[in-house]
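[1] give the three-dimensional model of this entry:
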Amino acid sequence: MRRKPQMELSDKEEGKRVVNREGQEVGMVSKVEGHRAHVDPDPGLTDSIKSKLGWGDSDEDMYPIDESDVETITDDEIKLKR
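    This is a model prediction of the structure:
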């Protein structure tokens, strides 16, 4: 897996799994705005496809994470520090 040297969030992270330190999936990145990602805690297949196509919508069920919350970013997932 390729790792980014910097933990900068970009629209390339949309559709990636978000996991905690133990590797448990906590959601999927639905949208990235600036230095903040919006995470859908219960994405379905349709949500995943929409996000990868850039069709994701932010709503009340999204949870924000900042770059400072990110430990690593790989091609497939974002691992949180806490």
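[2] which ones are touching V26?
    V18, V19, N20, V39, P41, L80 (C-beta atoms under 8 Å, 6 or more residues apart in numbering). Any C-beta I mention is one placed from the backbone N, CA and C, and that applies to glycine too.
[3] counting neighbours, what do you get for the last one?
    So the one you mean is L80. A count of nearby residues for L80, using other C-beta atoms under 10 Å, gives 15.
[4] for it, which residues make a bridge with it?
    V70 (DSSP bridges).
[5] give the contact list for it.
    V18, V19, N20, R21, V26, I65, D69, V70, E71.
[6] show me what contacts the second one?
    When the contact criterion is C-beta under 8 Å, 6+ apart, the partners of V19 are E25, V26, E77, I78, K79, L80.
[7] same list (the residues you listed) but as JSON lines, adding pLDDT.
    JSON lines is the format used below for those (pLDDT from 0 to 100):
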{"residue": "E25", "pLDDT": "90"}
{"residue": "V26", "pLDDT": "89"}
{"residue": "E77", "pLDDT": "94"}
{"residue": "I78", "pLDDT": "95"}
{"residue": "K79", "pLDDT": "94"}
{"residue": "L80", "pLDDT": "93"}
